[in-house]
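Engineer: this is a predicted model, with the sequence first.
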Amino acid sequence: AQSVAQPEDQVNVAEGNPLTVKCTYSVSGNPYLFWYVQYPNRGLQFLLKYITGDNLVKGSYGFEAEFNKSQTSFHLKKPSALVSDSALYFCAVRDSTGGFKTIFGAGTRLFVKA
Amino acid sequence: AAGVIQSPRHLIKEKRETATLKCYPIPRHDTVYWYQQGPGQDPQFLISFYEKMQSDKGSIPDRFSAQQFSDYHSELNMSSLELGDSALYFCASSLAQGVYGQYFGPGTRLTVT
């Protein structure tokens, strides 16, 4: 069975500093990995994905994520945080061996201070 | 660009009533998903449809059913509503069975009193 863990409920970072939001996963086959962002009372917005290929993937709003197969991780990163990045971030995984079921992590709330 | 449309945006029902939530996916998307998000929780996968056929099932209660119609819109039917059904219900759609990510609608906030 697939699962996703986001070990931090909350991440605090100062504006202009780099940010990292952590995610680890477990699947039986190869993973399809995704990051989504959710603003209050809004739907989730797709940020980026890893399917295959380069381990570093770039997404929307300057975010990127690094796939590490040996550590089964897919951490979200941004070199310079903005106050407007403050939101709830979800990591999600889907098993490539079949099925449409996507499992979301519990979410990490990011606070960026001015 | 067209986005996923959900209706209604807000719905208030009483216990034991029924509710129908509608979803209109992005044109030409072949897969529709339904999620339930309780307060402060992550989205829980309920069910998905690929090309109008049920493709996968998650933690969807037996009191709920869903279908996708010939025009690709989908409806989530919820019967014998319970207080615990109060949540945000998201519909998402995707191309290529979701390999490239899902696009979420704004959600329907269901309140059961």
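Structural biologist: That came through, no problem.
Engineer: for stretch B:103-110, give the mean pLDDT please.
Structural biologist: What stretch B:103-110 shows for mean pLDDT is 93.
Engineer: check stretch B:9-23 too.
Structural biologist: 97.
Engineer: which other residues reach that stretch?
Structural biologist: Outside stretch B:9-23, the residues that touch it by C-beta atoms under 8 Å, 6 or more residues apart in numbering or on different chains are B:4-8, B:32, B:34, B:73-83, B:89, B:91, B:93, B:105-113. In short, each C-beta sits where N, CA and C put it, glycine included.
Engineer: just the buried residues of these.
Structural biologist: Neighbour counting with 16 or more other C-beta atoms under 10 Å in any protein chain shown marks B:4-6, B:32, B:34, B:73-74, B:76, B:78, B:81, B:89, B:91, B:93, B:105-110, B:112 as buried within those.
Engineer: out of those, which are close to chain A?
Structural biologist: Filtering those for proximity to chain A by C-beta under 8 Å from any C-beta of the partner chain leaves B:4, B:105, B:106, B:107, B:109.
Engineer: got the residues of chain A near chain B?
Structural biologist: Residues of chain A found near chain B (C-beta under 8 Å from any C-beta) are A:32, A:34, A:36, A:41-46, A:49, A:51, A:90, A:94, A:99-107.
Engineer: rewinding a little: how about the ones next to chain A among the buried ones among the contacts of stretch B:9-23 in JSON lines, adding secondary structure and distance to residue A:63?
Structural biologist: Shown next, in JSON lines, are those (DSSP: H, G, I helix; E, B strand; the rest coil; distance: C-beta to C-beta, whole Å):
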{"residue": "B:4", "secondary structure": "coil", "distance to residue A:63": "22"}
{"residue": "B:105", "secondary structure": "coil", "distance to residue A:63": "22"}
{"residue": "B:106", "secondary structure": "coil", "distance to residue A:63": "22"}
{"residue": "B:107", "secondary structure": "coil", "distance to residue A:63": "22"}
{"residue": "B:109", "secondary structure": "strand", "distance to residue A:63": "28"}
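Engineer: so which of those is the closest to residue B:42?
Structural biologist: residue B:107 (13.9 Å; C-beta to C-beta).
Engineer: cool, thanks, signing off.
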